[in-house]
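Colleague: structure of the sequence below:
(chains A and B)
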2 protein chains.
Amino acid sequence: MGGDFAPEEIVKGVAAASLATAIECVLVGDEPRIQAVLDTLSYDPAHIRIHHAADAVGMQEAPREALRAKRDASIRVGASLVADGQADALVSAGNTGACLLACAREFRILKGVRKPGLASVYPRHTDLPGQDPLALLLDVGATVRCDAADLVQLAVMGSVWAHRVSRIARPRVGLLNMGAEPFRGGDVLAEAHERLTTLPAIDFVGNVEGSDVAKGRADVIVCEGLLGSVVLKFIEGITDVVNDVASHAVKQRFVWRLGMRLLSRGLREVAHFTEHAAYGGAPLLGFEQLLVKTHEHSRALAIANAVKLAAKTVREGVIAEIGAGLEGVRA
Amino acid sequence: MGGDFAPEEIVKGVAAASLATAIECVLVGDEPRIQAVLDTLSYDPAHIRIHHAADAVGMQEAPREALRAKRDASIRVGASLVADGQADALVSAGNTGACLLACAREFRILKGVRKPGLASVYPRHTDLPGQDPLALLLDVGATVRCDAADLVQLAVMGSVWAHRVSRIARPRVGLLNMGAEPFRGGDVLAEAHERLTTLPAIDFVGNVEGSDVAKGRADVIVCEGLLGSVVLKFIEGITDVVNDVASHAVKQRFVWRLGMRLLSRGLREVAHFTEHAAYGGAPLLGFEQLLVKTHEHSRALAIANAVKLAAKTVREGVIAEIGAGLEGVRA
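Modeller: Down below sits the predicted model:
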């Protein structure tokens, strides 16, 4: 029931996944509305069932108050289904704050985790063939401030995710900071830098600055939630402008192509940002259970991809591997 | 002697200013090199003199070590000339860390100021005729972490600057945060939000998010240095990509214009970013003396504009007004 195009685009995405994969989906929300959308689509009924939840948290609602008032909110019901083992992972395009709170209440925290972190994927410049055009940024809002140990845990969790899910042999991990020198950014970042340098499990490339984010110097960029969420929103603001360009391009396809050829490299890199739209989503890491959070603007294609991403993560035991990675750091 | 094109472009900018204005400039640095550049230019010798400094801090040098080793570094000599009243303001395109350190050593702090703040201007969307296309972001690296009182001082200093220098009748001040709600971003930001709300001298528009930065919702955006400097570098990274587009545009002017007309609004907004190049610079605020810091890529036009900006600020007594503004907050 969450996201700008719910339930229509969510149900469409799940219907498409039901025909293309063997994944079993539980649609949690207003049963009559969901069924009405399903009735207009082709789907495999063996792969979809509806679990009724009477309420839903709106995109603009204050998360804490909304969850307190709406005991039967779809996000909370969904999280509890996963916590009870009735589903293997949760996918949501809804109110991010409500997702985080519902998971914090219903999910069990991974052993030793201090603060779960919400990741986001963002498009970046690639200069190697086959390089993933998307990099991972975490945390983007599950935390506010982090200490050095929190940042190290985020680095480990993000690195395992990039290795297993994005198939990056040895993910390069960077620490978002105000300068390249190891001592920059105050005591917390300096200590995090020092600890990350000594961890054999991580390919730490050092501090990365704001200008490195788009350049793709790192596959995983780690920072506290305040910083990550400001940067993420900034990227989204730029993406809106680029999407505006892209919508003109659709109307003026020939001239756009001509222009693209002439304007060449620079513009193509900007346009890169729009590839975002097809990507599934990014994980909330640090719990025994999985949430894949998709963008609130997600349409059917992104939802179907998020469902596949969640299923792949569960199938391949990525969460257990994250737990083992964290264990390795403590040892 | 600082910046990517020193001393040539610095001297060219000052030579242009010497012909166009009555501003008297002291060029601080390697006298023979500076004189050699001057000899190739037209300039008004009544408006320019050279003050020799044997050393200079390189752009890649560690500021603290460089200033320790180079007692006669141009930035330090320049700052002490201003502190001694032999000049009214300092302009530099050099190593930012060295500028900050030299000013901290030589300048006197304004009464009651806890932490001086370095501002930066950045291009933003404008939707009102006559609206300044540049907004002020501070602090971008003089501080690392700030408490609520520091942020309030930054807001007051930035607001007075925008009012007096950018001629904005009542500058809108925003607090960079991870969400719009007053309680977001932890205790420090929540307290800063509360205090800013109650200050009659400031038109506080509340928290602004990363996506609001480019949209121009605020004329002055306040944040701690860690956050501001990451965002600033991020903006510069995007600007590089756009400049790349612009350089193609110069080569293909006709098609570019055609493309611009067709691609219209979205692309124009992106291109906005490049207007940066002609702007003079931004102040280090919180001292009795003034530093105008220009971008390290600055060429002659930006340097000439920075000189004019510094002169205007001194002529109009902006620093004294900032002092009065801070006094008003304490009262």
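Colleague: for the residue nearest the centre of chain A, which non-adjacent residue is closest in space?
Modeller: In chain A, the centroid-proximal residue (Cα atoms, centre = their mean) is residue A:282; its distance is 1.6 Å. For residue A:282, ignoring the flanking residues on the chain, the nearest one in space by Cβ to Cβ, 6 or more residues apart in numbering or on different chains is residue A:119 at 4.2 Å. Yep, even glycine has a C-beta here, placed from its N, CA and C like the rest.
Colleague: what helix or strand is the one you found on?
Modeller: Secondary structure assignment for residue A:119, by DSSP states H and E: strand A:117-123.
Colleague: which strands or helices does that strand pack on?
Modeller: Secondary-structure packing of strand A:117-123 (3 or more Cβ pairs under 8 Å, 6 or more residues apart in numbering or on different chains; DSSP states H and E): strand A:134-138, helix A:148-164, helix A:225-251, strand A:282-285.
Colleague: tally of neighbours for residue A:33?
Modeller: Residue A:33: 16 surrounding residues under other Cβ atoms under 10 Å in any protein chain shown.
Colleague: typo on my end, it should be residue A:209
Modeller: Using other Cβ under 10 Å, residue A:209 has 22 neighbouring residues.
Colleague: test my guess that residue A:185 contacts residue B:227.
Modeller: No: contact criterion Cβ atoms under 8 Å: residue A:185 and residue B:227 do not qualify, at 10.6 Å.
Colleague: and the two? Which one has more around it.
Modeller: With neighbours defined as other Cβ under 10 Å, residue A:185 and residue B:227 compare such that residue B:227 has more, 31 against 25.
Colleague: surely the more buried one and residue A:230 touch.
Modeller: Yes: between residue B:227 and residue A:230 there is a contact under Cβ under 8 Å: 6.1 Å.
Colleague: which neighbours do those two share?
Modeller: residue B:176 (Cβ atoms under 8 Å, 6 or more residues apart in numbering or on different chains).
Colleague: I'd like the distance between the residue nearest to residue A:282 and residue B:176.
Modeller: According to Cβ to Cβ, to the nearest Å, residue A:119 stands 22 Å off from residue B:176.
Colleague: what residue ranges in the stretch 101-250 of chain A are flagged as low confidence?
Modeller: For the stretch 101-250 of chain A, residues meeting the criterion pLDDT under 70 lie at A:125-130, A:238-250.
Colleague: swap in 90 and give it another go.
Modeller: A:121-135, A:166, A:210-217, A:232-250 (pLDDT under 90).
Colleague: what comes up buried for stretch A:90-108?
Modeller: A:90-103, A:106-107 (16 or more other Cβ atoms under 10 Å in any protein chain shown).
Colleague: so what's the residue count around the nearest residue to residue A:1 once chain neighbours are set aside?
Modeller: Using Cβ to Cβ, 6+ apart and skipping residues adjacent in sequence, the residue nearest residue A:1 is residue A:56, 3.6 Å away. Residue A:56 has 25 neighbours, counted by other Cβ under 10 Å.
Colleague: list the contacts of residue A:56.
Modeller: Counting by Cβ under 8 Å, 6+ apart, residue A:56 has contacts A:1, A:2, A:6, A:29, A:30, A:70, A:73, A:74, A:75, A:94.
Colleague: of those, which pair is most distant in space?
Modeller: A:6 and A:70 (15.2 Å; Cβ to Cβ).
Colleague: in this structure residue A:132 contacts residue A:168, no?
Modeller: Yes: the criterion here is Cβ under 8 Å, and residue A:132 meets it with residue A:168 at 6.3 Å.
Colleague: what do these two both touch?
Modeller: When contacts are counted by Cβ under 8 Å, 6+ apart, residue A:132 and residue A:168 have residue A:219 as shared neighbours.
Colleague: dump the contacts of residue A:56 into a markdown table; add secondary structure, distance to residue A:305 and pLDDT as well.
Modeller: Below are the contacts of residue A:56 laid out as a markdown table (DSSP: H, G, I helix; E, B strand; the rest coil; distance: Cβ to Cβ, whole Å; pLDDT from 0 to 100):
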| residue | secondary structure | distance to residue A:305 | pLDDT |
| --- | --- | --- | --- |
| A:1 | coil | 19 | 97 |
| A:2 | coil | 17 | 95 |
| A:6 | coil | 16 | 95 |
| A:29 | strand | 20 | 98 |
| A:30 | coil | 24 | 98 |
| A:70 | coil | 28 | 97 |
| A:73 | strand | 25 | 98 |
| A:74 | helix | 21 | 98 |
| A:75 | helix | 20 | 98 |
| A:94 | coil | 17 | 96 |
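Colleague: and those, which is closest to chain B?
Modeller: Distances from chain B to the contacts of residue A:56, taken as Cβ to the nearest Cβ, are shortest for residue A:94 (15.7 Å).
Colleague: and the closest residue to the closest one other than its chain neighbours, how many neighbours?
Modeller: Nearest non-adjacent residue to residue A:94, counting by Cβ to Cβ, 6+ apart: residue A:2, 1.7 Å away. Neighbour count of residue A:2, defined by other Cβ under 10 Å: 28.
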